[in-house]
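In: Any chance you can model this:
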Amino acid sequence: MLKRHARAACTALAAAGLLLAGTSGATADSAPPAPAPASAATTLRTADAPPELLAAMQRDLGLTPTQAKARLAHEAEAGATAARLRDRLGAAFAGAWVDGADASTLTVATTRAADTAAIRATGARAQLVTRALADLDRARAALDRAAGPTTPVRYVDPRSNTLVVEETEAGAAAALLAATGTDAALVTVVRTAEAPRPLHDLRGGDAYYMNGSGRCSVGFPVTKGTTHGFATAGHCGRAGTTTTGFNRVAQGTFQASVFPGNDMAWVAANAQWTSTPYVKGSGGANVQVTGSVLQPVGASVCRSGSTTGWHCGTIQQHNTSVTYPEGTISGVTRTTVCAEPGDSGGSYISGSQAQGVTSGGSGNCSSGGTTFFQPLNPILSAYGLTLKVSGSDPGPGPGPGEPEPGGTWKAGTVYAAGATVTHGGATYRCVQGHQAQTGWEPPNVPALWQRV
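Out: Sure, this is the predicted structure:
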């Protein structure tokens, strides 16, 4: 359905172009039409996906080469469309997800029947439901405050429009609902045999060692001013914990760490280490990182870790809560990617977009499992870090003698969905959370910014 929408949009743009061409001939000095803003797939550089990433997607998701390439492009467009609809629907928004081998079908749910026509007009499927996403999230937050090890995972499932609670013992979920006064009609209970645990034991995915003993994995290389380092999981170390690299050479020190609550940390490296815009892919090949736009439910995602290497799966839910033996963490993303101890802290990447760092999970890479990642953008924002990315097109910029557009937008800032900025005399609202970079000025990237 997204492909049909793309054709319709191109037809409309072509018709508009013909109209402009017909009227512009009236005056010889008319300015040429402004270039069309970049598509979401262009902004996120899905066409530049390396062969190693595509090969892993084919292996783990059962795709053909054509489907793997198409999927990345469709996911980028779906994420932008869903974000704009979430902004438009407001309190009625009830979630969005992609389906199909190549992710060509986007579904957006709403509690308001009047919204369905607007959803379909974008090329997405509309689903009318009874519960808004915000209402289910509030119910989940109430459960988080009382959950224990026997109800280790809670998340909102937009497909079923329910709050899912996993229990390891019969009756545990019912007891949690009773203790919090939560309406059982909101909840789907899932019995699970395994409880998640942190995956204990400067390229993303490479190993590092804490205080010379335990091992975790580098998440994403970053900088803070002139200091190089990397983002990783908070449960891997506390502020002051020293690290050595995969080669056992002195590497750096944890500067800050949060766990539980969240699972985030960053390590400042010494002068012997330099941050690179890469994640370790299949066979040790470098996978480029070009940004940090979080992808939608159903999108493909790949993980790099020092124990099990490179594996792919799909995003199941965002904003999930997990109770480990050490305590509860919230705001993590649930995935079908496998992982094992020692993969903790490692990189999750979708196409070339950094997603987050490995927190924990259950199962293994022999029989399969479920894993959770701490989204990266909150780490960058909390600690004032800049993600190391490969070079991007800075765009045309101002012409000779023209002033800089000015405004409050600033490269390096982490913007959450709903944030507003000014640029070139106009106001824009962020529709997909990301860390801004040169070339991603609001007028250039409608996948990320909506003019208001």
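
In: rest of the way, CA atoms for contacts and neighbours
Out: Will do.

In: for stretch 125-137, how far is the first residue from the last?
Out: 23 Å (CA to CA, to the nearest Å).

In: How many residues are close by Ser367?
Out: Residues within reach of Ser367, counting by other CA atoms under 10 Å, total 7.

In: Let me see the mean pLDDT of the longest strand anywhere in the chain.
Out: The longest strand of the chain (DSSP state E) is strand 309-324. Averaged across strand 309-324, pLDDT comes to 97.

In: in which helix or strand would I find the residue most central in space within the chain?
Out: Residue closest to the mean C-alpha point of the chain, counted by CA atoms, centre = their mean, is Leu294 at 2.2 Å. When elements are assigned from DSSP states H and E, Leu294 belongs to no helix and no strand.

In: Output the contacting helices and strands for the longest helix along the chain.
Out: Selection of the longest helix in the chain by residue count, based on DSSP state H, yields helix 65-89. If you count contacts as 3 or more CA pairs under 8 Å, 6 or more residues apart in numbering; DSSP states H and E, helix 65-89 packs onto helix 2-24, helix 40-43, helix 51-61, strand 93-99, strand 105-110.

In: between the ones you listed, which gets the lowest average pLDDT?
Out: Ranked by mean pLDDT, the helices and strands packed on helix 65-89 bottom out at helix 2-24, with a mean of 32.

In: residues touching Ala113, list them.
Out: Leu128 (CA atoms under 8 Å, 6 or more residues apart in numbering).

In: The residue nearest to Ser300 when sequence neighbours are not counted - how many residues pack around it?
Out: Among residues not flanking Ser300 along the chain, Thr314 sits closest, at 4.3 Å (CA to CA, 6 or more residues apart in numbering). For Thr314, the neighbour count with other CA under 10 Å is 20.

In: List the contacts of Thr314.
Out: Val297, Gly298, Ala299, Ser300, Val301, Thr335, Thr336, Val337.

In: One more: Val389?
Out: Taking CA under 8 Å, 6+ apart, one finds Thr276, Pro277, Tyr278, Gln288, Val289, Thr290, Gly291 in contact with Val389.

In: now the residues you listed: which count as buried?
Out: Thr276, Pro277, Tyr278, Gln288, Val289, Thr290, Gly291 (16 or more other CA atoms under 10 Å).

In: What about these, which are in strands?
Out: Using DSSP E, those in strands are Tyr278, Gln288.

In: could the buried ones among the contacts of Val389 be laid out in a markdown table, adding pLDDT and distance to Ile349?
Out: Formatted as a markdown table, the buried ones among the contacts of Val389 follow (pLDDT from 0 to 100; distance: CA to CA, whole Å):
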| residue | pLDDT | distance to Ile349 |
| --- | --- | --- |
| Thr276 | 96 | 15 |
| Pro277 | 96 | 12 |
| Tyr278 | 96 | 10 |
| Gln288 | 95 | 10 |
| Val289 | 97 | 8 |
| Thr290 | 96 | 10 |
| Gly291 | 97 | 10 |
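
In: May I have the one helix or strand Thr358 maps to as PDB, with CA atoms only?
Out: Taking DSSP H and E as the definition, Thr358 sits inside strand 353-364. Only the C-alpha atoms of strand 353-364 are listed here, as PDB (Å, rounded to 0.1, in the frame of the first residue of the first chain):
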ATOM      1  CA  GLN A 353      20.300   4.200  11.600                       C
ATOM      2  CA  ALA A 354      21.500   3.600  15.100                       C
ATOM      3  CA  GLN A 355      18.700   2.200  17.300                       C
ATOM      4  CA  GLY A 356      20.000   1.400  20.700                       C
ATOM      5  CA  VAL A 357      22.300  -0.700  22.900                       C
ATOM      6  CA  THR A 358      21.600  -4.300  24.100                       C
ATOM      7  CA  SER A 359      20.100  -4.500  27.600                       C
ATOM      8  CA  GLY A 360      19.000  -8.100  28.200                       C
ATOM      9  CA  GLY A 361      16.700 -10.800  27.100                       C
ATOM     10  CA  SER A 362      15.900 -14.500  27.200                       C
ATOM     11  CA  GLY A 363      16.800 -17.500  25.000                       C
ATOM     12  CA  ASN A 364      19.900 -17.800  22.900                       C
END
